[in-house]
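In: Can you look at this prediction? I've put the sequence above it.
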Amino acid sequence: MIFYLTLKADRKKANKEENEQNIRRLDYLSNVTTATKNQAESFITNLEKSIADFETDNLNFHLLTKNPNSSLNRLSEILNNENYFLAYFKKYGKKNLKKYNNISLQVDFFVEQEKQIWEMTQIAQTFDYNRKQSFVRTVNDLMNRTAGLLQINLLEPKYLTEINRIFKYFYDNVGDMSDLNFHYTCFIRPIMENVLIKNVDKPIIIELISEFKNVSNLFNEIKDQNKNHNKSQKEILERYNESLGFFKRDADELIEERTKEGKPKTE
């Protein structure tokens, strides 16, 4: 009899401890779910800003701000933990497991989308950097070759004067030597339009025109590449927004119910 009563008391105590542990788990789950929702909303805000920056200026590469909040990964680990699953099941029953699974599904989607965009951004940034380095090197070479035209008896004096004028304006006004737009608008285009295309009867000039066209194409390709990158960002934003809507639909119920039952605790 004493053994039976002791066993019963032990089971009651164990059940109580288990219930308390499950409450702490659900409260912690609610806490991390709230933080994850905030992280997802912050990600969307940062992505929208990056998109707007590219819309305003598609020549420069605009880095997406990275959110240091790691709650997304924490929630993913929690949802895959059997103890948290059982705590949810015991509290909300089989009829609400679909919500739990939906939350888990959306979190997995968030993780994959953020991973995709960071990998995509790294590749695009590296590609952008390499192209811009190539552009600057090529323009410097073309500037030297254009200056060489001043040393030979090839062009009429008025074209030599125009070359000198363009060089003077360029060096008097250049601020950042890595400013691609300034190089393009204040050197490449004026030399092409005011000097080279007016002297196409000369073989040396024809060769220079070809090089100037190539670097002009590279300039436009840099902008087009950034435009394509931004298009991919917009597609991710659309999918992410849709997924966040599903996440909030199911997660908000859990958050609100845990908040009503008491202040969330940490495990």
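Out: Perfect, thanks for sending it.

In: Spatially central residue in this protein, please.
Out: Central residue check for the chain by C-alpha atoms, centre = their mean: the C-alpha nearest the mean position is that of Leu64, 4.0 Å away.

In: contacting residues around that residue?
Out: 46-47, 50, 117-118, 121, 233 (C-beta atoms under 8 Å, 6 or more residues apart in numbering). Where you see a C-beta, it was placed from the backbone N, CA and C, and this is true even at glycine.

In: same thing but at 7 Å, please
Out: Listed by C-beta atoms under 7 Å, 6 or more residues apart in numbering, the contact partners of Leu64 are 46-47, 50, 117, 121.

In: among those residues, which ones are buried?
Out: Neighbour-count burial within the contacts of Leu64 applies to 47, 50, 117, 121; the criterion is 16 or more other C-beta atoms under 10 Å.

In: now, the most widely separated pair of the residues you listed?
Out: Checked with C-beta to C-beta, the buried ones among the contacts of Leu64 reach their widest spread between Leu47 and Thr121, with 10.4 Å between them.

In: so which of the buried ones among the contacts of Leu64 comes closest to Phe182?
Out: Among the buried ones among the contacts of Leu64, and counting by C-beta to C-beta, the member closest to Phe182 is Ser50, at 23.9 Å.

In: mind checking pLDDT for that closest one?
Out: Among the per-residue scores, Ser50 holds a pLDDT of 96.

In: I'd like the distance between it and Asp128.
Out: 14 Å (C-beta to C-beta, to the nearest Å).

In: same question, Asn181
Out: Relative to Asp128, Asn181 is positioned 14 Å away (C-beta to C-beta).

In: All the strands of the stretch 51-200 of the chain, in order from the start?
Out: Remark: strands of the stretch 51-200 of the chain are absent; assignment by DSSP state E, counting those that start in this stretch.

In: ok, which stretches of this structure are helices?
Out: Residue ranges of the helices in the chain, as given by DSSP state H, are 2-56, 71-79, 82-92, 97-148, 157-173, 180-183, 189-194, 203-261.

In: on contacts alone, who are the packing partners of the third one?
Out: Translated: helix 82-92. Using 3 or more C-beta pairs under 7 Å, 6 or more residues apart in numbering; DSSP states H and E as the contact test, the elements touching helix 82-92 are helix 2-56.

In: so who does Leu254 touch?
Out: Applying C-beta under 7 Å, 6+ apart, we find Leu254 in contact with 30, 33.

In: what's the neighbour count on the closest residue to Asp176 other than its chain neighbours?
Out: The spatial neighbour of Asp176 that comes closest, neighbours along the chain excluded (C-beta to C-beta, 6 or more residues apart in numbering), is Phe182 at 7.6 Å. Applying other C-beta atoms under 10 Å, we find 15 residues neighbouring Phe182.
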